[in-house]
Structure formats: C-alpha cells, structure tokens
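Participant: following is a predicted model, sequence given first.
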Amino acid sequence: MCVLSSIAIGGTFNVCSGLALSLTEVIETMQRLAGYKIDVRVNPAFVRANEVKILLGSRTRLESVIGPVADIPLRETMRWMLESA
C-alpha cells in the first residue's frame, strides 16, 4: 500500500508507460488479440492539418511521489479489456 504525501493533493499525474506507440501498432495488437482483422477507415473531415503527430506521457512526477511504477505492457491491458467485454 502506498501512502501519499501532501504533495499529491490536488495534483495532476500521468499514469502512463512513457513509451510512444503508433495507432497502427495498437490496431495490429488488438487484431492479434481478437483474432480477426479490424476494418479501419479514415474520415478526411476529421483529419486536421495541425494534428499532434506524437503524444507521449511522462510518469516522472508520479514516480517522484509514489516511487517506481511497475511496467504493464499495453498488450496486457488490451487483453484484459477484451476479456472483460
């Protein structure tokens, strides 16, 4: 069990791996887990010219308060979500 200090009160913390994955990698992982191909279509009306190309979280602040966080691969989280559905 972790006891949080007053530093954490009202703070915002990223709960993340600190690793960047492409949407293609995420879709391919889900296809392997689900056992079938997922049909992905892009609606150009929703594609913005200034879209963020890479979005990557840092868990440095979280770990500075609670200590090291165990790595849980995204594949394992996706498997859990799929099996829970």
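Facilitator: Cool, got the structure.

Participant: what about the residue lying closest to I72 once chain neighbours are set aside, neighbour count?
Facilitator: Among residues not flanking I72 along the chain, S17 sits closest, at 7.7 Å (CB to CB, 6 or more residues apart in numbering). (Each C-beta comes from the backbone N, C-alpha and C, glycine too.) A count of neighbours around S17, defined by other CB atoms under 10 Å, yields 16.

Participant: residues in contact with S17?
Facilitator: With contact set as CB atoms under 8 Å, 6 or more residues apart in numbering, S17 has these partners: G57, R59, D71, I72, P73, L74.

Participant: mind putting those in TSV, distance to E51 included?
Facilitator: As requested, the contacts of S17 are arranged in TSV below (distance: CB to CB, whole Å):
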residue	distance to E51
G57	18
R59	24
D71	28
I72	28
P73	26
L74	21
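
Participant: how much distance is there from the helix or strand of the chain with the lowest mean pLDDT to the middle of the chain?
Facilitator: Considering only helices and strands, the least confidently modelled element of the chain by mean pLDDT, DSSP states H and E is helix 60-66, at a mean of 90. For helix 60-66, the separation from the chain centroid amounts to 17 Å (computed by CA atoms, centre = their mean, to the nearest Å).

Participant: what residues of that helix count as buried?
Facilitator: Along helix 60-66, the positions that meet the burial threshold by neighbour count (16 or more other CB atoms under 10 Å) are L62.

Participant: helix or strand right after that helix?
Facilitator: helix 74-84 (DSSP states H and E).
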